[in-house]
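K.L.:
no sequence on hand, only this structure:
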């Protein structure tokens, strides 16, 4: 008997990230904006959570129909993480507050 493993393939997913002069960012493949303020924006993408850090960040355009987001500000970093890690950190933080 052969075992069949089912894995999520990311080879069919296309995501573009265009950063212009560290001041304008266009991201495709966006599913949702989970959190935002003027220093950190967290977006859920088809490839995982994308955290954008910087100063004076603001979302100029969010189009869920085309899965695109455009933001402005001084961008200092972009990083990916899994959505599971955010859920663990959030539940831990909230759990500590309500103890």
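P.N.:
Noted; the coordinates are in hand. Keep in mind the model is a prediction, meaning the values are calculated, not measured.

K.L.:
the strands in this structure, which residues?
P.N.:
Secondary structure of the chain (DSSP state E): strands located at 17-20, 24-28, 30-36, 40-45, 48-63, 68-81.

K.L.:
how about the ones you listed in CSV, adding mean neighbour count?
P.N.:
Heads up, the C-betas are built off the backbone N, CA and C, glycines and all. Below are the strands of the chain laid out as CSV (neighbours: other CB atoms under 10 Å):
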stretch, mean neighbour count
strand 17-20, 12
strand 24-28, 18
strand 30-36, 15
strand 40-45, 19
strand 48-63, 16
strand 68-81, 15
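
K.L.:
output those strands as JSON lines; include the columns mean pLDDT.
P.N.:
Shown next, in JSON lines, are those (pLDDT from 0 to 100):
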{"stretch": "strand 17-20", "mean pLDDT": "96"}
{"stretch": "strand 24-28", "mean pLDDT": "97"}
{"stretch": "strand 30-36", "mean pLDDT": "93"}
{"stretch": "strand 40-45", "mean pLDDT": "95"}
{"stretch": "strand 48-63", "mean pLDDT": "96"}
{"stretch": "strand 68-81", "mean pLDDT": "96"}
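
K.L.:
who are the contact partners of the closest residue to residue 76 other than its chain neighbours?
P.N.:
Excluding the flanking residues, the one nearest residue 76 by CB to CB, 6 or more residues apart in numbering is residue 54, at 4.7 Å. Going by CB atoms under 8 Å, 6 or more residues apart in numbering, residue 54 touches 22, 39, 73, 74, 75, 76, 77.

K.L.:
and those residues, which two are furthest apart?
P.N.:
Largest separation among those by CB to CB: 22 and 39, giving 14.7 Å.

K.L.:
re the thing from before, now do the residue nearest to residue 76 against residue 13, distance only.
P.N.:
Distance, residue 54 to residue 13, by CB to CB, to the nearest Å: 25 Å.
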